[in-house]
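S.K.: pasted the sequence and its predicted model underneath.
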Amino acid sequence: MDTFARAAIAAEAILDKSQYRKLRADRYASFDSGEGARFEKGEITLEDLREYALKNGEAKQISGKQELYEMIVNQYI
């Protein structure tokens, strides 16, 4: 039980005191507008996204910042 309580405390601190929420919003910003938003709403399929990608070229490669997320978690555990 103590382990679960400690995990809940750490999770609360990560959500309230770190930059996690902003990083997450930035990471998934492509789902807030355009084809990504339409896909998220269920208005288009993966096949539609494939066609969109073929017409518009490959998306710009952006770091997922995995190490940064790991560092944030490690700060609070």
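M.R.: Nice, thanks for sending it over.

S.K.: for A11, see how far away the residue lying closest to G64 once chain neighbours are set aside is.
M.R.: Once flanking residues are discounted, G64 sits nearest to R27: 6.8 Å by CB to CB, 6 or more residues apart in numbering. All C-beta atoms are positioned from the backbone trio N, CA, C, and that covers glycine. The gap separating R27 from A11 is 18 Å, by CB to CB, to the nearest Å.

S.K.: what does G34 give?
M.R.: 32 Å.

S.K.: repeat that for R21.
M.R.: 12 Å.

S.K.: the two: which is more packed in?
M.R.: Between R21 and A11, counting by other CB atoms under 10 Å, A11 is the more crowded of the two (14 against 11).

S.K.: helix or strand for that one, just tell me which one.
M.R.: Secondary structure from DSSP states H and E places A11 in helix 2-17.

S.K.: ok, then the element right after that helix?
M.R.: Following helix 2-17 toward the C-terminus (DSSP H and E): helix 20-27.

S.K.: check which helices and strands the helix or strand following that following helix sits against.
M.R.: Using DSSP H and E, the helix or strand that follows helix 20-27 in sequence is helix 34-40. The helices and strands touching helix 34-40, judged by 3 or more CB pairs under 8 Å, 6 or more residues apart in numbering; DSSP states H and E, are helix 46-56.

S.K.: name the surrounding residues that touch the helix it packs on.
M.R.: By CB atoms under 8 Å, 6 or more residues apart in numbering, the surrounding residues in contact with helix 46-56 are 35, 39, 59.

S.K.: any chance of those residues in JSON lines, plus pLDDT and neighbour count?
M.R.: What follows is these, written out as JSON lines (pLDDT from 0 to 100; neighbours: other CB atoms under 10 Å):
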{"residue": "E35", "pLDDT": "91", "neighbour count": "17"}
{"residue": "F39", "pLDDT": "93", "neighbour count": "17"}
{"residue": "A59", "pLDDT": "79", "neighbour count": "8"}
